[in-house]
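Engineer: pasting the sequence and the predicted coordinates here, then a few questions.
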Amino acid sequence: MQHPKPFIFLCVLSNVLLLATSKSTIEPCSNSDSCNAMLGYKVYTELKVSEVASLFQVDPISILTANAIDISYPDVENHILPSDLFLKIPINCSCVDGIRKSVSTHYKTRPSDTLASIADSVYSGLVSADQIREANSISDPSVLDVGQTLVVPLPCTCFNGTDNSLPAIYLSYVVTPEDSLAGIAARYSTTLTDLMNVNAMGSSAIKASDIISIPLPACASNFPSYAADYGLIVPNGSYAITASHCLQCSCGPGSLNLYCEPASLAVSCSSMQCKNSNLMVGNVTAQQTSAGCNVSSCNYGGFVNGSIITTLSTSLRPRCPGPQQFPPLKAPPTSVIRDATFAPAPAPQSDGSIAGAPQSTVPSTTSSLLPGLAPIGGPSGSSSAACSLVTPLTNLPSAVLLLLCVKFMMAIL
């Protein structure tokens, strides 16, 4: 009887290909700077806002503001969020071991925990069991001590805080089975070409559990480097609380100019008045003259040594500005509406295309992410710094295929 080596090799190879399907865009780095970034997170069970914040060691208020949720509701930090709610989680992105990632998140294990359940359920696939094991030097992943504190390395990218030379903050997004790259581009008001460029993709093909970086248009601050809130950047359509909860800075619809004013949480704050003026932070006066419109504004300049820095600016403009537009705020969510802003991006059509959406000019040369290479013919930009990282993913189809392979070999031997 002929020895079935070719078939055995085919079985093993097919399972290896199935297992190594999950990819994550990474950004190489060589310095110690950091940036503001975001994670796309799906709440795995009903949790209070404060409990979600505790999972990532971030301020509960920052989660609410990043998702344009109104913080004026009573006891909003203890509001219970529904299971499967999609949230943007603001994090600090550092340079660790030559790549961008966040290592400020720690998790204390519970009796029923496994590395797989922590990775896939608690942190909704933003990290793999192997990455947690390596980050904590765990030799035997089947043995976890209850109450053990684990470092949870999370994906993030900075790309100099810009996208096509405009301010941007990057969202690390876990692809769902329903997603298409075209759908994601439409959801986040970008293009296929830009997403492929940022993620160094040779084609628009994506798979469930891939992690991609999505550039979100943002309003950037120009505070001095010694300010406590240096580098503040606010995604368009949201707001942020700063200066010890004394100020809120928003990035209104249709504008990428950061606008700051006193926050509703302000209790004990330093002076917010501009020197040599009666104007407070956020105040704007306009006077129409025959030469144009004289505009005076009191602007926020950063939080330094517990003090709010203000700057008074005056200018002559052709027309007087209209009223400041604020992002529409949402009530704290109590249920998941699939079509809501909180939801992931579904494929608009079964073939992954969008009628009227900008189409990529990048030729489809491969069906995977190419490590360190920008797409051929794609626009120049941050893609030159991006590469892909293949991580194992255990899934049911691969296990079934392996079982069939074993049964077939036993039958022919």
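Structural biologist: Looks like it arrived, so ask away. These numbers were taken from a predicted model, which means no experiment stands behind them. Numbering: from 1, shown residues only.
Engineer: state the distance from the nearest residue to residue 163 once chain neighbours are set aside to residue 38.
Structural biologist: In this structure, residue 163 finds its nearest non-sequential neighbour in residue 215, 3.7 Å apart by Cβ to Cβ, 6 or more residues apart in numbering. C-beta: built from backbone N, CA, C; applies to glycine. Per Cβ to Cβ, to the nearest Å, residue 215 is found 11 Å from residue 38.
Engineer: now the common contact residues for the two.
Structural biologist: 169, 170, 171 (Cβ atoms under 8 Å, 6 or more residues apart in numbering).
Engineer: hang on, the earlier thing: residue 215 and residue 38: which is more packed in?
Structural biologist: Neighbour tally, residue 215 and residue 38, criterion other Cβ atoms under 10 Å: the higher count belongs to residue 215, 27 against 24.
Engineer: which residues touch the more buried one?
Structural biologist: Taking Cβ under 8 Å, 6+ apart, one finds 159, 163, 168, 169, 170, 171, 188, 190, 194, 198 in contact with residue 215.
Engineer: just the closest of those to residue 229, please.
Structural biologist: Residue 229 has its nearest neighbour among those in residue 169, at 14.5 Å by Cβ to Cβ.
Engineer: closest to the centroid, which residue in the protein?
Structural biologist: What sits nearest the mean C-alpha location of the chain, by Cα atoms, centre = their mean, is residue 171, with 2.2 Å.
Engineer: list the contacts of that one.
Structural biologist: Counting by Cβ under 8 Å, 6+ apart, residue 171 has contacts 37, 38, 39, 40, 88, 188, 213, 214, 215, 216.
Engineer: pretty sure the first one is in a helix, no?
Structural biologist: It refers to residue 37. No: counting by DSSP: H, G, I helix; E, B strand; the rest coil, residue 37 falls outside a helix, being strand.
Engineer: and it, how far from residue 329?
Structural biologist: From residue 37 across to residue 329, the span is 23 Å (Cβ to Cβ).
Engineer: tell me which of these two has more neighbours.
Structural biologist: Per other Cβ under 10 Å, whichever of residue 37 and residue 329 has more neighbours is residue 37, with 28 against 16.
Engineer: residue ranges with poor pLDDT in this structure?
Structural biologist: 1-22, 338-413 (pLDDT under 70).
Engineer: still on that earlier bit, just confirm the residue nearest to the centre of the chain is within a strand.
Structural biologist: Yes: under three-state DSSP, residue 171 falls within a strand.
Engineer: tell me what it is bridged to.
Structural biologist: For residue 171, the beta-bridge partners are residue 38, residue 214 (DSSP bridges).
Engineer: ok, now how distant is it from residue 264?
Structural biologist: Distance, residue 171 to residue 264, by Cβ to Cβ: 26 Å.
Engineer: what's the answer for residue 123, then?
Structural biologist: 31 Å.
Engineer: quick check, residue 62 in a helix?
Structural biologist: Yes: under three-state DSSP, residue 62 falls within a helix.
Engineer: surely it meets residue 238?
Structural biologist: No: Residue 62 lies out of contact with residue 238 (Cβ atoms under 8 Å); the separation is 10.4 Å.
Engineer: for the two, indicate the residue with more neighbours.
Structural biologist: Taking other Cβ under 10 Å, residue 62 and residue 238 do not tie; residue 238 has more neighbours (25 against 18).
Engineer: for the more buried one, grab phi and psi.
Structural biologist: Here is the backbone geometry of residue 238 (degrees, to the nearest 10): phi -140, psi -170.
Engineer: burial check on the spatially closest residue to it that is not a sequence neighbour, number of neighbours?
Structural biologist: Leaving aside its sequence neighbours, residue 238 sits nearest to residue 68 (Cβ to Cβ, 6+ apart; 4.8 Å). Counted with other Cβ under 10 Å, the neighbours of residue 68 add up to 18.
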